[in-house]
Structure formats: C-alpha cells, structure tokens
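Enquirer: here is my input, please return the structure:
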Amino acid sequence: MIKQINDNPDLLEEDWRELVRGHFLLSAEEKKRLVDLPPRKVKKIQQFLREAARHIQQGGKVTGKLVKRPVNEQTPELVYDVAVDLVPTQNVRRRKG
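Expert: Residues are numbered from 1 along each chain as shown. Okay, the predicted model is just below:
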C-alpha cells in the first residue's frame, strides 16, 4: 500500500477510511469502528494524509511499518500500531563529465 501511495499520492486525498477498507481485511467490528469514529478524529487523520500527499508531490516519500504495542497496551483486537513517517527528498549528486 505504501508503494501505491508513493506512486499515486492522490490516493491520500480521498476518504482515508475507504483506503483502509480497500487494502486490509477487516472484521465486522473493525468496519463498525471505522464508521463510528468521531468526526474530529477522522478530520485530523485526513489532514495529516493530505499533508503527506503534498509532501510526496514535492518529491518526498512516505514510509510505514507495523509496531507491536507493549504487552500491557495490547487487546485481542489491537496488537500493532501503524507508524507512518515522511521522508524528505534526498539530494542526488551527479558526476560531472
């Protein structure tokens, strides 16, 4: 999914919940939780993703990885968090000649 996003940052301009539904196999409970998210949280995540889209459009990249939660914070439904980072563009030095 990250490769698709880096190749097509416009995906981040769409409703991020549809992006999640389209890329991950979700249980009925997870689908319900996506629908029941507070509008403020949905908006906050969408704003971040739009910033990420602009970052990619300007030559940056997005990376992501699953991070296992500490045992005391895990639940049967939630064992991992997703960590997303914006990677700046790297200046590529070209040889003269």
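Enquirer: alpha carbons only for contacts and neighbour counts from here, please
Expert: Fine.
Enquirer: tell me the helices in this structure, going along the chain?
Expert: Applying DSSP state H to the chain gives helices spanning 2-7, 16-23, 28-36, 39-57.
Enquirer: pLDDT below threshold where in the chain?
Expert: Along the chain, the model assigns pLDDT under 70 to residues 90-97.
Enquirer: centroid residue for this protein?
Expert: For the chain, the residue lying nearest the average C-alpha position, counting by CA atoms, centre = their mean, turns out to be residue 84 (5.8 Å).
Enquirer: so what's that one closest to, chain neighbours aside?
Expert: Leaving aside its sequence neighbours, residue 84 sits nearest to residue 64 (CA to CA, 6 or more residues apart in numbering; 4.4 Å).
Enquirer: residue 80 too?
Expert: residue 68 (4.4 Å).
Enquirer: residues in contact with the one you found?
Expert: Going by CA atoms under 8 Å, 6 or more residues apart in numbering, residue 68 touches 79, 80, 81.
Enquirer: how about residue 31?
Expert: Shown in contact with residue 31 (CA under 8 Å, 6+ apart): residue 21.
Enquirer: of the contacts of residue 68, just say which sits nearest to residue 4.
Expert: Relative to residue 4, the closest of the contacts of residue 68 is residue 81; by CA to CA it sits at 20.0 Å.
Enquirer: burial count for the residue lying closest to the closest one once chain neighbours are set aside?
Expert: Nearest residue to residue 81, sequence neighbours excluded (CA to CA, 6+ apart): residue 67, at 5.2 Å. A total of 11 residues lie near residue 67 under the criterion other CA atoms under 10 Å.
Enquirer: kindly report the same for residue 61.
Expert: With other CA under 10 Å as criterion, residue 61 counts 22.
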